[in-house]
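S.K.: Build the 3D model from these lines:
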Amino acid sequence: MTVLILLGSLLAAPTKNVVLVHGAWADGSSWAKVIPLLEAAGLHAVAVQNPLTSLQDDVAATQRAIALQDGPVILVGHSYGGAVISEAGTDPKVVGLVYVAAFAPDAGQAVGELGKEFPPAPGGAEIRPDASGYLSMTSKGIEEDFAQDIPKPQRRILAATQGPTNGACFGAKLTNAAWKSKPSWYVVAANDRMIAPDLERQFAKTMKAKTITVPSSHVAMLSHAQKVAQLIIDAAKGGAPAE
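M.R.: Residues are numbered from 1 along each chain as shown. Sure, this is the predicted structure:
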C-alpha cells in the first residue's frame, strides 16, 4: 500500500525536466535567456546541440537528451526544431510539447512542403547553399528577417555562430506526429519573417495547442524570453497559459 501511495504521488508531481531543441541556423545558445528563467522556477533545463546534418541525426540527438533525464520531460522546439520534437516526442518520457514559432508537420510531411499556400517568407531569399548542400543565412537575413527585434550586437553574434543546415533536413518526411497524442502549447511570433505567422496560427489550431501570441521576430525566445519561459513553465505544470 505504501508503495502504491508513493507511486501515485510521483505521477501527480509537476514535470521538472525541460529539453530544449533549437532550429536551423542556430545552436543550443538560442535558449540562453530562457534557461535561467526556467531554473529560477525550479525546472531542470537541457539544450540539445543538433548536428543539423539530417532530421534523423537531430532526432537521435534529442532522444539521447531525453534518455538522460530522470523523469517526465517537457519537449520544446523552435522553428525546424518543431519537426524534431514532433518525431522525437513519442518517447514515453515526453508528457508535453511546446512549439516556439515552429513547424509542426504531420506524419508523412516534410518541413519544406509546408506553408506553400502563404506568400513566401522574406527571410527565405537570404538563404545560401554551399558546395556540400548546407544552407546558411546571410548576415543581412539574420539582421533584417531572422532576429530583427533584438539588439544589433546580438544579431551579429547569431550571424557568426549560426549552424549551417543540411538542405536534406527540410525534405525528410516525418514518421510520427507526437502532437496528435501529447498535450501541446504554441508561441506564435506575430512579426515572424521566416515562417508566416498565419501558418504558425494554423499549426496551433490544428494541434489544439494552448497558444500565446507575442509581437516578435522569429527568435521569440530571445526577444520575449519571459513570455516564452512562462509558457514552458505552464506546460510543466500542465495548465493553461498565464495571462
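S.K.: And for the residue lying closest to Tyr134 once chain neighbours are set aside, the neighbour number?
M.R.: Nearest residue to Tyr134, sequence neighbours excluded (C-beta to C-beta, 6 or more residues apart in numbering): Pro164, at 4.1 Å. Where you see a C-beta, it was placed from the backbone N, CA and C, and this is true even at glycine. Other residues near Pro164 come to 17 when the count uses other C-beta atoms under 10 Å.
S.K.: Make sure Pro164 is actually in contact with Asp130.
M.R.: Yes - in this structure, Pro164 is within contact of Asp130 by C-beta atoms under 8 Å, at 7.0 Å.
S.K.: Need the residues touching each of the two.
M.R.: Residues within reach of Pro164 and of Asp130 at once, by C-beta atoms under 8 Å, 6 or more residues apart in numbering, are Ser136.
S.K.: how would you label the spatially most central residue of the chain: helix, strand or coil?
M.R.: Centrality entry for the chain: nearest residue to the mean C-alpha point is Gly77, 1.5 Å, by C-alpha atoms, centre = their mean. Secondary structure, DSSP: H, G, I helix; E, B strand; the rest coil: Gly77 is strand.
S.K.: which one is it nearest to, not counting chain neighbours?
M.R.: Taking C-beta to C-beta, 6+ apart, and ignoring the residues beside it in sequence, Gly77 has Ile85 as its nearest neighbour in space, at 3.7 Å.
S.K.: go on, Ala172?
M.R.: In space, not counting the residues next to it along the chain, Ala172 is nearest to Leu55; the distance is 3.7 Å by C-beta to C-beta, 6+ apart.
S.K.: How about Ile142?
M.R.: Ranked by C-beta to C-beta, 6+ apart and with sequence neighbours excluded, the top spatial neighbour of Ile142 is Ala159, at 4.2 Å.
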